[in-house]
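K.L.:
Got a sequence here, can you model it:
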Amino acid sequence: MPSTLIVGATRGLGKELALYYADNLSHHVYATSRSSDAPTGLSHGNITWLRNIDLSKSSCGQDLATSLHGKTIDNCIITAGYFATEDFGHANWDDEVKMYTLSSVAPVFIVQELVKASTLVQGSKVILVSSESGSITLRHEQEGGGNFGHHGSKAALNMVAKQLSFDLKDRGIAVASVHPSFMRTEMTKSVGFDQFWEAGGALDPQDAARILADWIEKVFSLEQSGTYWAPRGTRDIGNWDVVMGKSTAQEGPVQLPW
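P.N.:
Next up is the predicted model:
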């Protein structure tokens, strides 16, 4: 049976990816929880919960490798993250450190420890969940400034994915960063982005999970390692038309500019 690791699987996209891989793709799913308890309502015969995996701790990679000792996995999808909005003049140090740590520091240690433990092997795929907000090219004055930690940490995540792709190419392990789509989640609602759900074409997490999982399984390969994608297309990328031009908009997978 193929297997998939979902890092950050207790809610939102991570939760729906775990369920989709377990139900629709018949994978055995290893799902991480920061808590010592598995989340209620998410018991499943094809899901094994790995508890106490906290990406804010320097031991997160070793903790995860120990939990998966002796196992190999086909996919490692790191969805964990944190979003705090910021305006110029009111940036928050602790929030920024948390965003960078979860998005672009912890993935390095997770991937290197899983490779050292031979959990990630030739043919494995690593997906780092980023955001179109991590594209420097797509930032535009109509959007304004602020959100330094969120946007900056996603740009850093993209660089981490690129660098990892060089390190893992000869091992036959593919790495990509993805914008999974603008979603109707607790996270986007908590920062007030629910006011843009309709106009922005926000998806329910289960739809975003299906689109992302199908892209990983049917499209993504080692030949595309080190690239940055929006599997859904440009529908929910607010600055796409003004920066890239309306004629380049498309449905379906599109490679994003750095």
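K.L.:
Skipping its backbone neighbours, what lies nearest Gly172 in space?
P.N.:
Among residues not flanking Gly172 along the chain, Gln122 sits closest, at 3.4 Å (Cβ to Cβ, 6 or more residues apart in numbering). The way it works is simple: take the backbone N, C-alpha and C, and place the C-beta from them, glycine included.
K.L.:
And for Ser131?
P.N.:
Per Cβ to Cβ, 6+ apart, closest to Ser131 is Lys154, 4.7 Å.
K.L.:
hmm, back to that, confirm the residue nearest to Gly172 sits in a strand?
P.N.:
Yes: under DSSP: H, G, I helix; E, B strand; the rest coil, Gln122 falls within a strand.
K.L.:
Touching, it and Arg171? I think so.
P.N.:
Yes: here Gln122 reaches Arg171: they are 6.2 Å apart, a contact under Cβ atoms under 8 Å.
K.L.:
Let me know whether Asn147 touches Gly134 as I believe.
P.N.:
No: at 11.1 Å, Asn147 does not count as touching Gly134 under the criterion of Cβ under 8 Å.
K.L.:
what is in contact with these two at once?
P.N.:
Residues touching both Asn147 and Gly134 (Cβ atoms under 8 Å, 6 or more residues apart in numbering): none.
K.L.:
who has more neighbours, these two?
P.N.:
More crowded of Asn147 and Gly134, by other Cβ atoms under 10 Å: Gly134, with 26 against 22.
K.L.:
so what's the more buried one closest to, chain neighbours aside?
P.N.:
Lys154 (2.9 Å).
K.L.:
neighbours of the nearest residue to Ile173 once chain neighbours are set aside, just the number please.
P.N.:
Closest residue to Ile173 apart from its sequence neighbours, by Cβ to Cβ, 6+ apart: Ser124 at 4.9 Å. Ser124 has 23 neighbouring residues, counting by other Cβ under 10 Å.
K.L.:
what kind of secondary structure is the residue lying farthest from the centre of the chain in?
P.N.:
No residue in the chain sits farther from the centre than Gly89, which is 29.0 Å out by Cα atoms, centre = their mean. Using three-state DSSP, the structure places Gly89 in coil.
K.L.:
Can you give the contact residues for the worst-scoring helix or strand of the chain on mean pLDDT?
P.N.:
The helix or strand of the chain with the poorest confidence is helix 186-190; it has a mean of 71 (mean pLDDT, DSSP states H and E). If you take Cβ under 8 Å, 6+ apart as the criterion, helix 186-190 is touched by 11-12, 81, 83, 182, 194, 197, 202.
K.L.:
Tell me the spacing between Ala18 and Asp37.
P.N.:
16 Å (Cβ to Cβ, to the nearest Å).
K.L.:
Same question for Leu19.
P.N.:
From Leu19 over to Asp37 (counting by Cβ to Cβ), the distance is 18 Å.
K.L.:
Could you check which of the two is surrounded by more residues?
P.N.:
Leu19 (21 against 9).
K.L.:
how near is the residue positioned nearest the centre of the chain to Lys116?
P.N.:
Centroid-nearest residue in the chain, with Cα atoms, centre = their mean: Val129, separated by 1.5 Å. In this view, Val129 and Lys116 are 23 Å apart by Cβ to Cβ.
K.L.:
for Ser124, same thing?
P.N.:
Taken as Cβ to Cβ, the span from Ser124 to Lys116 is 13 Å.
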